[in-house]
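Trainee: Generate a structure from the sequence data that follows.
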Amino acid sequence: MDDDTPTRTATATTTAAADTAAADTAAADTASAAGTAAPAIAPLAGFTVGVTAARRADDLIALLRRRGATVLHAPALRIVPLADDSELLAATRELLACPPDAVVATTAIGFRGWIEAADGWGIGEELLGRLRAAELLARGPKVKGAIRAAGLVEAWSPESESLAEVLDRLLAGGVAGRRIAIQLHGEPLPGFVEALRAGGADVVGVPVYRWMAPEDLGPLDRLLDAVVCGGVDAVSFTSAPAAASLLSRAEERGLAESVLAGLRGSVLSACVGPVTAVPLQARGVDTVQPERFRLGPLVQLLCRELPGRAKVLPVAGHRLEIRGQAALVDDELRPVPPAGMALLRALARRPGWVVARAELLRALPGAGRDEHAVETAMARLRGALGVPNLIQTVVKRGYRLALDAGECTLGH
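Mentor: Take a look at the predicted model:
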């Protein structure tokens, strides 16, 4: 699934069902191992997750919402139709004129699309003949299936679905003087290509499909704004081009440093695999990735990571858990407006300590200089929490969380 590897509709539906079943089984196993029933509060309740995927977005959104998340969908890219891509035709003709010794197939839809496009151009059988005579390497099982569906047989495929392992195999066998074709998956693979060329190979990139910016940039802009203002707790990425597109749009809007500050800070970047994470890591953004590069494990990872980041405090005889956009009071989910969450986080940074009104005013988004805004927002926060004495007013000084005497923080 890394790099948003696409599949046919039937396969995608089957995979989505498997992802859902796997995630549900994992949750049930955890509860069973603890000897308890499934928790009343969904693991992602109170958290907002941004989804940058275009393909299979509905599957990912359904998995997230099923676990309680609020989803902000912002497709970061779109795919150029295969048959309209003149670069693919030129690369195909080049390979027909000068056959490759080895071909690396990276995505299932890309390989199928290449064959279908060649058929449309009347050179499909000739291309299959060239591929049949070459050493054909498949990045993973989905690509292997597409190769066999075309009547071909792969020479080798790594269990890890890692292009790095494919590269290691090629280099170990020697690439000097060999002509190697690489089916690109949406963007160039400079590290992969450069390593082969450094070994003496003649490398031909096959741009089977290309990513482009979405036609409607509104949702992506709203996601960027949410990253900057803390209105989203995590952003999920299922392809490297989506991550690169999000960062590129931030640059265009003059928000690059603010967006990067958010992604390096409180906003979790969850990537489906290591290839997807590369554009973010190159900009100093830490990422988390599941062991298996699939949607189900990605959602399971978020179900662990986001609640694990929540701060849990014993306050006024109650258990207060501060989630991204809501609070749990004695395991009851209490939605809190953005201004209230800003105040609650400011108070929780120093539990039990008095926080001055001036400092709380600075924490409020767009509050200006009127400290009355703090009183108004505090009244709404207390109402949202449902237990007014969780927050104490200290006359002429400010406010504090009523941390239980002798207690310490239960979470991080």
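Trainee: ok, residue 109 - how many residues close by?
Mentor: 24 (other Cβ atoms under 10 Å). C-beta: built from backbone N, CA, C; applies to glycine.
Trainee: Check the one 3 residues further on too.
Mentor: As a burial measure, the neighbour count of residue 112 was computed by other Cβ under 10 Å and equals 22.
Trainee: And for the one 4 residues further on?
Mentor: Residue 116 has 15 neighbours, counted by other Cβ under 10 Å.
Trainee: same question, residue 151
Mentor: Number of residues near residue 151 (other Cβ under 10 Å) recorded here: 10.
Trainee: Check the one 4 residues further on too.
Mentor: By the measure other Cβ under 10 Å, the count of residues near residue 155 is 14.
Trainee: what residues are up against it?
Mentor: Shown in contact with residue 155 (Cβ atoms under 8 Å, 6 or more residues apart in numbering): 135, 136, 137.
Trainee: give me that answer again for 10 Å
Mentor: 102, 103, 134, 135, 136, 137, 138, 147, 169 (Cβ atoms under 10 Å, 6 or more residues apart in numbering).
Trainee: Next one: it relative to residue 132, how far apart?
Mentor: As defined by Cβ to Cβ, to the nearest Å, residue 155 lies at a distance of 11 Å from residue 132.
Trainee: Equivalent analysis for residue 46, please.
Mentor: In terms of Cβ to Cβ, residue 46 sits 55 Å off from residue 132.
Trainee: which of the two has more neighbours?
Mentor: Neighbours were counted for residue 46 and for residue 132 using other Cβ under 10 Å; residue 46 has more, 27 against 12.
Trainee: wait, doesn't residue 177 sit right on residue 102?
Mentor: No - counting by Cβ atoms under 10 Å, residue 177 stays clear of residue 102, with 11.8 Å between them.
Trainee: Identify the contacts common to the two.
Mentor: Common neighbours of residue 177 and residue 102 (Cβ under 10 Å, 6+ apart) are residue 201.
Trainee: which residues of the stretch 101-250 of the chain fall in strands?
Mentor: In order along the chain, the stretch 101-250 of the chain carries the following strands (DSSP state E, counting those that start in this stretch): 102-105, 135-138, 179-186, 202-212, 234-237.
Trainee: and the longest one, how far from the chain's centre?
Mentor: By that I understand strand 202-212. Relative to its parent chain, strand 202-212 has a centroid offset of 23 Å by Cα atoms, centre = their mean, to the nearest Å.
Trainee: in its sheet, what does it sit against?
Mentor: Sheet pairing for strand 202-212, assigned by DSSP bridges, gives strand 78-79 (antiparallel), strand 179-186 (parallel).
Trainee: again with the last one
Mentor: For strand 234-237, the paired strands and their directions (DSSP bridges) read strand 48-51 (parallel), strand 268-271 (parallel).
Trainee: Can you name the element that comes right after the last one?
Mentor: In other words, strand 268-271. helix 274-281 (DSSP states H and E).
Trainee: For that next one, list every residue counted as buried.
Mentor: By neighbour count on 16 or more other Cβ atoms under 10 Å, the buried set for helix 274-281 is 274, 275, 276, 277, 278, 279, 280.
Trainee: got the angle between that helix and strand 179-186?
Mentor: Between helix 274-281 and strand 179-186, the angle comes out at 70 degrees (axes from the mean of the first three to the mean of the last three Cα atoms, to 10 degrees).
Trainee: how far does the following helix or strand past helix 274-281 sit from the chain's center?
Mentor: Proceeding N to C from helix 274-281, the next assigned helix or strand is helix 295-309, under DSSP H and E. Put simply, helix 295-309 sits 11 Å off its chain's centre (Cα atoms, centre = their mean).
Trainee: Kindly report the same for stretch 318-329.
Mentor: How far stretch 318-329 lies from its chain's middle: 25 Å, per Cα atoms, centre = their mean.
Trainee: next one: stretch 381-390
Mentor: That offset, for stretch 381-390, works out to 34 Å (Cα atoms, centre = their mean).
Trainee: What is the end-to-end distance of that stretch?
Mentor: End-to-end distance for stretch 381-390, by Cα to Cα, to the nearest Å: 10 Å.
Trainee: tell me the average confidence for it?
Mentor: Stretch 381-390 carries an average pLDDT of 93.
Trainee: Show me what counts as buried in that stretch.
Mentor: Result for stretch 381-390 [16+ other Cβ under 10 Å]: buried residues 381, 382, 384, 385, 387, 390.
Trainee: which of the strands paired with strand 202-212 has the lowest average pLDDT?
Mentor: strand 78-79 has the lowest average pLDDT among the strands paired with strand 202-212, namely a mean of 80.
Trainee: Let me see the residues that make contact with the helix or strand following that one.
Mentor: As assigned by DSSP H and E, the chain's next helix or strand after strand 78-79 is helix 86-97. By Cβ under 10 Å, 6+ apart, the residues outside helix 86-97 that reach it are 80, 82-83, 85, 100, 103, 110, 113-114, 117-118, 120-121, 123-124, 126-127, 129-131, 134, 179, 181, 183-184, 204-210.
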